[in-house]
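>>> one predicted model, sequence on top.
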Amino acid sequence: MRVLIADTFEQTGIDGLKAAGCEVVYQPDLNDDGLARAIRDVAADVLVVRGTAVTAHMLEAGALSLVVRAGAGFNTIDVPAASKRGIYVSNCPGKNAIAVAELTFALMLALDRRIVDNVVDLRSGRWNKREYSKARGLYGRTLGLLGYGNIAQEVAKRAHAFGMPIIVWSRRFARSGRAGVEGIAVPMRLAKTPQEVAAASDVLSVHLASTADTRGLVNASVLDSLKPGSSVINTARGEVVDYAALEKVARERNIRVALDVYATEPSGATGEFKESIVALPNVYGTHHIGASTEQAQEAIAEETVRIVTTYKDTGKVPNVVNLAKTTPATHMLIVRHYDRPGVLAHVFDHLRRGNINVQETENVVFEGAQAAVARINLDRAPTDALLKTIQNGNSDILDLHVVTI
């Protein structure tokens, strides 16, 4: 199996893929047309990326069967285009959660203590202890979390240690009415809306995945609910926050802001960057480095190796994100048969002639490999005449019947 790695990647991960019998091509600076050409010229089976965008044009350039996002989010990959071509898309959820949570708290503390301004003034030869002694402190301050996945849960653990009350909004818990942190008791209050979280928060931290439903979710209505003097931190995705509305409240309402992600970022590791909000004195910005710790990258590399190795050895893909949750199947054809060549080919051929599409199939073999049962999900029911033709046309079919699903 040939693996093309088109982003910076840990050497342990490259060594792990080679040890698993993969042929690895490591070209970390590829993007745009160069990546499309490499996919074609390398004849890659698997593509591994971190932040590099993977477009429909790239997916159509070669014969990829799997794209692995060496990280959690996969919004930089054209998942619908991959699905149309039957290309698996997989990710590494939770492996960078601690790293992003650590940066979230670093930014939280930096905003409260104005660490950046302290450093800048000292480097410029200015001593101003009177000004920089003004800090609210985090103990007893309410932390609001928008979203409650792996990263937010790690943030909640640390907030609990800091003595911060927590209020959470998540679509999951809005439905179930329950939230928690595995392994420890972290008291928290559940909110019915993002606006309720913002109104209650001294620090509002965003941990939403970028989806069609969450893009722009943190809008003017949410941000206008903030208390004067509160803080907003976004280490999730730039697309989920209305940055124009955020800049407005930062300018007009004494809201302090820390950002690690932006709606428009350079495609490479370096480049020119212009975002007006980061020029404000009460805004701290970092360079989308939330997952960039050695610990996180080693964990992600290990998970990437596991995904590719499992696919190579079994044909199954861990963490796949683009399989259909439901199919058009309405009926299941159950075929009990002798485990001999040509039985299923016979069944499928007659289904094709009846213009019936097979959505999913499973063939279970009994001990001794003499007999098996096939379960075949279909988009409509076969006629009685077709079923009779299938059964009578192959003596290895012991029985068949249809159930509605």
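Great, that's in hand.
>>> excluding sequence neighbours, find me the nearest residue to R375.
Once flanking residues are discounted, R375 sits nearest to E362: 4.8 Å by C-beta to C-beta, 6 or more residues apart in numbering. Where you see a C-beta, it was placed from the backbone N, CA and C, and this is true even at glycine.
>>> element containing the one you found, please.
Here E362, judged by DSSP states H and E, is contained in strand 358-365.
>>> also A245?
Taking DSSP H and E as the definition, one finds A245 inside helix 243-252.
>>> note down every partner strand of whatever helix or strand comes next after that helix and its orientation.
Under the assignment DSSP H and E, the closest C-terminal helix or strand after helix 243-252 is strand 256-259. Strand pairing for strand 256-259, using DSSP bridges, gives strand 231-234 (parallel), strand 283-285 (parallel).
>>> pick the most buried one from these.
Highest mean neighbour count among the strands paired with strand 256-259 (mean count of other C-beta atoms under 10 Å): strand 231-234, with a mean of 25.
>>> what's that one in contact with?
104, 107-108, 111-112, 202-206, 218, 223, 226, 240-241, 246, 255-261 (C-beta atoms under 8 Å, 6 or more residues apart in numbering).
>>> show the buried residues in those residues.
Among the contacts of strand 231-234, the ones that count as buried by 16 or more other C-beta atoms under 10 Å are 104, 107-108, 111-112, 202-206, 218, 223, 226, 240-241, 246, 255-261.
>>> hmm, back to that, please name every helix or strand in contact with the helix holding A245.
Counting contacts by 3 or more C-beta pairs under 8 Å, 6 or more residues apart in numbering; DSSP states H and E, helix 243-252 packs against helix 220-223, strand 256-259.
>>> among the strands paired with strand 256-259, which is nearest A291?
Nearest to A291, of all those, is strand 231-234, at 14.5 Å by C-beta to C-beta.
>>> which residues does Y132 contact?
113-114, 117-118, 121 are the contacts of Y132 under C-beta under 8 Å, 6+ apart.
>>> show the buried residues in the residues you listed.
Neighbour counting with 16+ other C-beta under 10 Å marks 113-114, 117-118 as buried within the contacts of Y132.
>>> in its sheet, what does the strand holding E362 sit against?
Neighbouring strands of strand 358-365 in its sheet, by DSSP bridges, are strand 371-378 (antiparallel).
>>> what residues sit buried inside the helix holding A245?
243, 245-250.
>>> ok, now stretch 270-278?
Buried residues in stretch 270-278, defined by neighbour count with 16+ other C-beta under 10 Å: 275, 277-278.
>>> for those residues, which one is nearest Y338?
Distances from Y338 to those, taken by C-beta to C-beta, are shortest for E275, at 66.9 Å.
>>> enumerate every residue touching the closest residue to that closest one other than its chain neighbours.
Nearest non-adjacent residue to E275, counting by C-beta to C-beta, 6+ apart: Y262, 5.4 Å away. Y262 sits next to 238, 243, 273, 275, 288 when contact means C-beta under 8 Å, 6+ apart.
>>> so how far is V308 from Y262?
Using C-beta to C-beta, to the nearest Å, we find Y262 at a distance of 31 Å from V308.
>>> D213 now?
Note on D213: its distance to V308, by C-beta to C-beta, is 30 Å.
>>> ok, P281 next?
From P281 across to V308, the span is 46 Å (C-beta to C-beta).
>>> the two: which has the busier surroundings?
Comparing P281 with V308 by neighbour count (other C-beta atoms under 10 Å), the higher total belongs to V308, at 26 against 10.
>>> noted, bye for now.
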